[in-house]
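K.L.:
Below are the sequence and a predicted model; questions follow.
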Amino acid sequence: MDAIGRLVRDGVPVGTAFVVTADGLAATAAHVIAPDADADWTFVPLTMPGRSLPVEISALVDEAADVALVRIGEAVDWQPMALAPHRNATPGAAVHLRGFARSRDYDAGVGSYVGETSEDGRSWVKISCRHAQHGMSGAPVLLTGTGCVIGVVSLRLNAARWNRDSVLLAPVERLVALEPDRLRLVSPVHRFVDGTLRLSWMRGDATEPILETDDFNVSLGRSAANRVHLPDLRDSRFHGHLSLVGTTLVYQHLGPRPAYLHGATRQLKIGKGESCTVGDKDRLRVASGTMLVEFSAPDLYDPYAKPTESADEEATRGG
């Protein structure tokens, strides 16, 4: 299961966390949990919206470094995120963040590594990114092309001129220091990929290819104008659309006849106007058959991203 999720306090979303061990130890920013550690905390995984997993707030907190480790209390087949020393990044290197803005179900952003800064004897990782928003405190920032986290979102600076669009991260080295017997730093391996989406009909034990593309915007329906044409009359009231949100594949259902998504850990009925995340090798069922969805997401890096047009405050905690 995707390691990223939303942290919820007493039913209210307040930040982002990401899983760092196979048994459910998750990282976030200390200021996200500091106001009320005794509250009712839950974790909502990105790939399972609507499912809340209990969270135990542990004593593994470094408030000065703004990092914390919490424990997700339900056994899940996690795919923990790897941690890499931030010094593997060089100035100008592409980075991207994944998290949950308060106003959206999920958001992502791109930016570049700047270097290090310090305050009161503490070191911070500094990146330039215009996409960090409220709710993203605790979100992982990855060195693009490696799949490795180099920092945890702590603070965004929104000064009108100097340091504009600067985001300060707690280095992952501070996370490892909280639990050195269980967490390890790895050497990142660059693996730049373009990403591929493959759709196939499932016919018994065999598959029949429908589409293979690096363009993840795919419409499905009875009209011949759709990229995936469904000619069977049983699909006359079926229409949907696949697209990428950040590095996550999302399906939006548009037709009055429902679709069904079957994954390794979930089965969903998707009604008109509803959306859901899609995992690699999930199966999308329509009236006339079942499609196998296979994909590898592209690196999230936009070299043409423009700077923020306006600034509204000096400094903002992401959560």
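P.N.:
Sure, I can see it.
K.L.:
Could you use CA atoms for every contact and neighbour count after this?
P.N.:
OK.
K.L.:
Tell me who's in contact with Val153.
P.N.:
Shown in contact with Val153 (C-alpha atoms under 8 Å, 6 or more residues apart in numbering): 29, 136-141, 167-170, 318.
K.L.:
And for Tyr113?
P.N.:
Taking C-alpha under 8 Å, 6+ apart, one finds 89-95, 126-128 in contact with Tyr113.
K.L.:
pLDDT of the longest strand seen in the chain, averaged?
P.N.:
The longest strand of the chain (DSSP state E) is strand 107-119. Regarding strand 107-119, the rounded mean pLDDT is 84.
K.L.:
What would it look like as CSV? C-alpha coordinates only.
P.N.:
The C-alpha coordinates for strand 107-119 follow below in CSV (Å, rounded to 0.1, in the frame of the first residue of the first chain):
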residue,chain,number,x,y,z
ASP,A,107,-1.6,17.4,-3.9
ALA,A,108,2.0,17.3,-5.1
GLY,A,109,4.6,19.8,-6.1
VAL,A,110,8.0,20.2,-7.8
GLY,A,111,11.0,22.3,-7.0
SER,A,112,14.7,22.3,-6.6
TYR,A,113,17.3,21.7,-3.9
VAL,A,114,19.0,24.9,-2.6
GLY,A,115,21.2,23.7,0.2
GLU,A,116,21.4,24.0,4.0
THR,A,117,20.5,26.8,6.4
SER,A,118,20.7,27.0,10.2
GLU,A,119,19.0,28.7,13.1
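K.L.:
and the next element down the chain from it?
P.N.:
Once the chain leaves strand 107-119, the next helix or strand it forms, by DSSP states H and E, is strand 122-129.
K.L.:
other SSEs contacting the helix or strand following that next one?
P.N.:
The first helix or strand that comes after strand 122-129 along the chain, using DSSP H and E, is strand 140-143. Using 3 or more C-alpha pairs under 8 Å, 6 or more residues apart in numbering; DSSP states H and E, the elements in contact with strand 140-143 are strand 94-99, strand 148-157.
K.L.:
Just want the angle from the last one to strand 94-99.
P.N.:
Orientation check (axes from the mean of the first three to the mean of the last three C-alpha atoms, to 10 degrees): strand 148-157 against strand 94-99 gives 80 degrees.
K.L.:
The following helix or strand past strand 148-157 - what's its average pLDDT?
P.N.:
As assigned by DSSP H and E, the chain's next helix or strand after strand 148-157 is strand 166-171. What strand 166-171 shows for mean pLDDT is 93.
K.L.:
Strand 166-171 packs against which elements?
P.N.:
Counting by 3+ C-alpha pairs under 8 Å, 6+ apart, strand 166-171 packs on strand 122-129, strand 148-157.
K.L.:
Can you tell me which of these is most buried?
P.N.:
strand 148-157 (a mean of 28; mean count of other C-alpha atoms under 10 Å).
K.L.:
Map the structural domains onto the sequence of the protein.
P.N.:
In terms of domains, the chain is parsed into 1-192, 196-296 (source: automatic domain parsing).
K.L.:
so who does Pro171 touch?
P.N.:
Taking C-alpha under 8 Å, 6+ apart, one finds 85-86, 123-125, 150-152 in contact with Pro171.
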